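Engineer: I'd like to go over a predicted model; first the sequence, then the structure.
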Amino acid sequence: MRWLATGVLAVTLLTAGLTGQSDSGTFVIRNVRVFDGETVAERQTVVIGEGRITAVGSAVSAPPGALEIPGTGRTLLPGLMDAHIHLPIFSLTTTAALQQSLAFGVTTTVVMAAAPSQFASRLKEIEAADAPDLAALLSAGTAATAPGGHPTQMGGPGFPTLTAPGEAAAFVAARIAEGSDFIKIIHDDTNAAYGRTLPTLSEATVAALASAAHAQGRLAVAHIGTEQQAMRAIDAGVDGLAHLFVGPTVSPEFVQDAKRRNVFVIPTLSILYSVCGQSDGQQILDDARVMSLVRPQFRAPLDLPAGGIQPSCAGAKAAVRQLAAAGVPIVAGTDAPGPGTTYGASLHWELIHLVDAGMTPTAALAAATSAAARAFHLTDRGRIAPGLRADLLLVDGDPSTEIRATRNIVRIWKKGVTVPPTSN
C-alpha cells in the first residue's frame, strides 16, 4: 500500500508492532493533534487499553511498558462513519464491502435498507459479531414503501410493502423482530430525478410509521426525492432525511422546517452529484493510492456514465450551507455503491463536497464522527474521550485545515485493534 511516499516505512514498522494485538493491549500515541469529534487540540497524548480510550490530555502518563506511537505532524480522529450505504446480499461480497470500508478509516456504517428479510437478519448477526476486520454497522432492514414504489423498480427479491396508515404498527413490529435498528421510510415518487412517476407512501402513512417507530424506541429516517417531499416528511415527524434533493434552489421554508423540527440531514452529495452529471468516479479512478484499496468488484460503479436527465444540484449545495448556518445537524453519507461511488473511499470525497458547500473542515469532520454518532444514538463512539471505543484514524497532516488530508492514512484501529494495511 502506498498512501504516502514518506509514510510507507512508518506504517510497515508500526503494523509489525501491533497487527493482531488483542483488546487487552495498551498503547499510547504521543504529541499528536487530536480532533475529538468537535474541536482540535495540539500536542496531546492519547492512551488506549482494553479496546477503549483511557486517557487524553497534554500531561498524560502512559502505563509502564506501553507501546508508543509517534504523533508529531499527525492528526488523530475518531473512526469515520458513513451514514448511508447499501450492501450486496451475497455473503462474501458483503464481507468484502465492510472490509473495504474499514480500510479507508470508516469504522462504522449505516445500511439504509436491506432486502429480502433474511438478509436483514444476516446483517444483524454481522452487527452483533462486530468483528475487528469489518466496519461495524447499523441497519434499517427492509424499507417501508408502497407496492410498486421505490426501490421495487430495481428488481430483485420481493419484500413487504404497505398501503395505509393502519398497517404501520405491524410493519414496524415486523422490522424490529428481524433486527432493524431504525426504520427507513420511502416518500419519493422518483419523478424529479428520473423523469418517471412511481407510487409512494402518503404523508399520513409516513406519519403513522414515524409514530410507530418512536413507540418502539426507534428512529424514523425518510428517503425523499424533492424539496416538497422532504418538507412533508419533516412535518410527518421523521427524525432525519436520508438524502437532500436535486434542483436549482432551496427555499427558506425547508431550512426553517428542518430547524424547527430538529431533524438531521444526510445530504449524500456524492450520489446527487452523479445524478447531476458531476460524478466523483473518474477522480477516484485516477487516484492510484485510493484505487490500491478499492476491490475489483466495487470499481464498476465508479465508471458508470451520467444518465440522460441531469438536473441541477445547486439547490442541494446551497441547502448544506444554509442548514449548517442554521445549526441543523449535517451527517455524512455516500449512498455507496450507487453510481460514481464506492465503499469507504467516497466518504473522503463527501467530506470535500461538504466543505465546498460552505461547511468548515471541522464541521465536515464532525458530520462523519460526533454528529453521525449523535444522530443514530451511538453513545460509545464518534468522539475521542476516556471510556469510549478506540475506533480511531491516524492521518498525516491536518484535515481540520485541509480536508483532503483525511486520505493520508497512517493507521486505523477498531476497538483498539490495528487494521492491517491492505492493497489490491
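Structural biologist: Yep, it's here.
Engineer: which residues in the stretch 1-150 of the chain form helices?
Structural biologist: For the stretch 1-150 of the chain, the helices defined by DSSP state H, counting those that start in this stretch cover 8-18, 91-103, 117-129.
Engineer: same thing with the stretch 251-400 of the chain?
Structural biologist: Going by DSSP H, counting those that start in this stretch, the stretch 251-400 of the chain shows helices at 252-261, 269-275, 281-286, 288-291, 314-326, 345-356, 361-367, 370-375.
Engineer: Counting neighbours, which bits of the fourth one end up buried?
Structural biologist: Going back to what we said before, that points to helix 288-291. For helix 288-291, the neighbour count (16 or more other C-beta atoms under 10 Å) marks 290-291 as buried. Bear in mind the C-beta positions are built from the backbone N, C-alpha and C, glycine included.
Engineer: Give me the helices and strands touching it, please.
Structural biologist: helix 281-286 (3 or more C-beta pairs under 8 Å, 6 or more residues apart in numbering; DSSP states H and E).
Engineer: Can you list the buried residues in the helix it packs on?
Structural biologist: Within helix 281-286, judged by 16+ other C-beta under 10 Å, the buried ones are 281, 284.
Engineer: And for stretch 46-53?
Structural biologist: For stretch 46-53, by 16+ other C-beta under 10 Å, it's 46-49, 51-53.
Engineer: taking the mean pLDDT, what do you get for that stretch?
Structural biologist: Computed over stretch 46-53, the mean pLDDT rounds to 96.
Engineer: Quick check: pLDDT value at Gly308.
Structural biologist: pLDDT, read off for Gly308, is 64.
Engineer: swap that for Gly156, sorry
Structural biologist: 75.
Engineer: That one reaches Ala114, doesn't it?
Structural biologist: No. Between Gly156 and Ala114 there is no contact under C-beta atoms under 8 Å: 11.1 Å.
Engineer: Name the residues contacting each of those two.
Structural biologist: Residues touching both Gly156 and Ala114 (C-beta atoms under 8 Å, 6 or more residues apart in numbering) are Ile89.
Engineer: quick one on the thing from earlier: quick one: which two of the buried residues of stretch 46-53 are the most distant?
Structural biologist: With distances taken as C-beta to C-beta, the most widely separated pair in these is Val46 and Gly51, at 13.8 Å.
Engineer: circling back to that earlier point, which one of Gly156 and Ala114 is surrounded by more residues?
Structural biologist: Ala114 (29 against 10; other C-beta atoms under 10 Å).
Engineer: any idea how far that one lies from Arg381?
Structural biologist: Ala114 sits 21 Å away from Arg381, going by C-beta to C-beta, to the nearest Å.
Engineer: do Thr26 as well
Structural biologist: 19 Å.
Engineer: more neighbours, these two?
Structural biologist: Using other C-beta under 10 Å as the criterion, Thr26 and Arg381 rank with Arg381 on top: 24 against 17.
Engineer: which residues sit in contact with the more buried one?
Structural biologist: If you count contacts by C-beta under 8 Å, 6+ apart, then Arg381 has 78-79, 81, 107-108, 373, 388-389, 391 around it.
Engineer: Report the two of those separated the most.
Structural biologist: Met81 and Leu388 (13.4 Å).
Engineer: Who has more neighbours out of the two?
Structural biologist: The neighbour comparison of Met81 against Leu388 (other C-beta under 10 Å) goes to Met81, with 32 against 22.
Engineer: from memory that one sits against Ala368, does it?
Structural biologist: Yes. If you go by C-beta under 8 Å, Met81 and Ala368 touch, sitting 5.6 Å apart.
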